[in-house]
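Engineer: 3D model of this:
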Amino acid sequence: MTTLIREQWRWLTSDKWLLSLLTWVPVLVIFLVWAALSQGIARNLPVGIVDNDRSSLSIQMINNVDATDTLSVQSQYVDVSQAKAALQRGDIYAYLYIPKGFEKQIRLNHSPQVSVFYNSQTMLVGKSINTAVRKAVGTFDATVGVGRTLAKGDTNTLSALGQTVSVQTQLRSLFNSNNNYSQFLLTAVVPSVWQIVIVVGTILTLAMFRRQQSIAPWLSFSTIGELLARLSLYIPLYWIQGIGFSLWFYHGLNWPFSGSLWTLALTQLVFVISAMCVGILLFLLTMSEVRSMSMAAAFTAPSFAFMGVTFPVTDMPALAQFWRWIIPASHYMEAQISQSAYGASLLHSLSLVAPMAIYPALLLVFVAFLPSKAQEEVS
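Structural biologist: Residues are numbered from 1 along each chain as shown. Below you'll find the predicted structure:
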């Protein structure tokens, strides 16, 4: 075993790209993603105002919008065309349109319409703007309603509030209570990137074996064990990456974690083995580094979109749900959420990653075809 490890180390140090992929490249990529999302919560998003009423109540509405943590009134425009141009240039994320006669309509107990225009292509920003504006408008409505009720006399502020807002809602977020987008996105981005690293790294490892020593003599029932033994030396390297990312999330960044890191680490081990099996299958199917890398890119690149984190699984079409099912990172993501948010048991977490066993099983079945594949390689 010592001789085998030394040989693999010698081969690995001669392949600078593979060595980088196994060491600093994943760390750098994840760090850059974290740096881009490190603020975590969207604050002071610049918005514009088109105020055609210029009344005391329209100014109060603008102040309510500006008072939210999410939005910051940066500019006021003469008309909609100026605001639209600023939105298209990216100077602002949204603009609020207050029509003429806004205050008059309120005084007459009518309901004037305030319009908000934003770029819905930026989904997360758009959702934040939508929530903040609803909160600002709700506060404005309650303030105006309480003032109108108090003006009638024979009541106090608390009673006026009860008459104005008959039902008060209290929304409590049980998980990710701060609406931290860094926590929300990074915990899904990392498994996606990690899966790419494992699959591509396994393919590059087999390509390295092929350069150092023809892989064809190993493709038989008697020597396939030696090939898998060499590959098994790389399991701890990928596993350490996953454990390191988890420790960074839940200890370094102090993100909430309700379960067991040992259980999470065990599901990570299952994930590493399954993802490596994917890489082995892709390489042995093609016996070509270029073709297998292309297939790996097509298989792993869409992982983030199909995980069910940014888009609900129940609303996915059947083909998308099938594609999600065959991606190992999707099953690992379920186990990670069950541990971090719910503190699920070991058996439940293992049941979530159990579908990944299909890849080791497929690899064992594929071994039956290796002798003929070896003959093709030799010829």
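
Engineer: export stretch 196-206 to CSV, keeping only CA atoms.
Structural biologist: Extracted in CSV, the C-alpha atoms of stretch 196-206 (Å, rounded to 0.1, in the frame of the first residue of the first chain):
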residue,chain,number,x,y,z
ILE,A,196,-18.2,18.9,-10.7
VAL,A,197,-14.8,18.8,-9.0
ILE,A,198,-15.2,15.1,-8.0
VAL,A,199,-16.5,13.9,-11.4
VAL,A,200,-14.0,15.9,-13.4
GLY,A,201,-11.2,15.0,-11.0
THR,A,202,-12.0,11.3,-11.3
ILE,A,203,-11.9,11.5,-15.1
LEU,A,204,-8.6,13.4,-15.1
THR,A,205,-7.2,10.8,-12.7
LEU,A,206,-8.1,7.9,-15.0
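
Engineer: hmm, who's touching that stretch?
Structural biologist: Outside stretch 196-206, the residues that touch it by Cβ atoms under 8 Å, 6 or more residues apart in numbering are 15, 17-18, 21-22, 25-26, 215, 231, 234, 238, 241, 272, 275-276, 278-280, 282-284, 289, 292-293, 296, 299-301, 303. The C-beta positions use only the backbone N, C-alpha and C, and glycine is treated the same way.

Engineer: any idea how this structure splits into domains?
Structural biologist: Segmentation of the chain into domains, based on the TED database, reads 1-38+180-377, 42-164.

Engineer: can you redo those as TSV with mean neighbour count and mean pLDDT?
Structural biologist: Output for the domains of the chain, formatted as TSV (neighbours: other Cβ atoms under 10 Å; pLDDT from 0 to 100):
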stretch	mean neighbour count	mean pLDDT
domain 1-38+180-377	17	87
domain 42-164	16	84
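
Engineer: which stretches in the stretch 201-350 of the chain count as helices?
Structural biologist: For the stretch 201-350 of the chain, the helices defined by DSSP state H, counting those that start in this stretch occupy 224-232, 235-247, 261-286, 289-300, 303-306, 318-326, 328-337, 346-353.

Engineer: against which helices or strands is the second one packed?
Structural biologist: The reference is to helix 235-247. If contacts are counted by 3 or more Cβ pairs under 8 Å, 6 or more residues apart in numbering; DSSP states H and E, helix 235-247 sits against helix 24-37, helix 181-212, helix 261-286.

Engineer: at 6 Å instead, please
Structural biologist: Identification of packing neighbours for helix 235-247 by 3 or more Cβ pairs under 6 Å, 6 or more residues apart in numbering; DSSP states H and E yields helix 261-286.

Engineer: ok and the helix it packs on relative to helix 235-247, angle-wise?
Structural biologist: Relative orientation of helix 261-286 versus helix 235-247 (axes from the mean of the first three to the mean of the last three Cα atoms, to 10 degrees): 130 degrees.

Engineer: and residue 69, that's in a strand?
Structural biologist: No: per DSSP: H, G, I helix; E, B strand; the rest coil, residue 69 lies outside any strand segment and is coil.

Engineer: residues contacting it?
Structural biologist: residue 43 (Cβ atoms under 6 Å, 6 or more residues apart in numbering).

Engineer: then residue 42?
Structural biologist: Here residue 42 is in contact with 70, 128 (criterion: Cβ under 6 Å, 6+ apart).

Engineer: separation between it and residue 35?
Structural biologist: 16 Å (Cβ to Cβ, to the nearest Å).

Engineer: repeat that for residue 8.
Structural biologist: The spacing between residue 8 and residue 35, counted by Cβ to Cβ, is 33 Å.

Engineer: before we move on, what about residue 271?
Structural biologist: From residue 271 to residue 35 the distance is 25 Å (Cβ to Cβ).

Engineer: before we move on, what about residue 278?
Structural biologist: For residue 278 relative to residue 35 (Cβ to Cβ), the value is 29 Å.

Engineer: again, but for residue 109
Structural biologist: 52 Å.

Engineer: again, but for residue 290
Structural biologist: Taking Cβ to Cβ, one finds residue 290 at 33 Å from residue 35.

Engineer: residue 206 now?
Structural biologist: 33 Å.

Engineer: what do you get for residue 291?
Structural biologist: From residue 291 to residue 35 the distance is 35 Å (Cβ to Cβ).

Engineer: can you check residue 203 too?
Structural biologist: In terms of Cβ to Cβ, residue 203 sits 29 Å off from residue 35.

Engineer: ditto for residue 362
Structural biologist: For residue 362 relative to residue 35 (Cβ to Cβ), the value is 38 Å.

Engineer: pretty sure residue 338 is touching residue 345, no?
Structural biologist: No: counting by Cβ atoms under 6 Å, residue 338 stays clear of residue 345, with 9.0 Å between them.

Engineer: run through the residues that contact residue 342.
Structural biologist: Listed by Cβ under 6 Å, 6+ apart, the contact set of residue 342 is empty.
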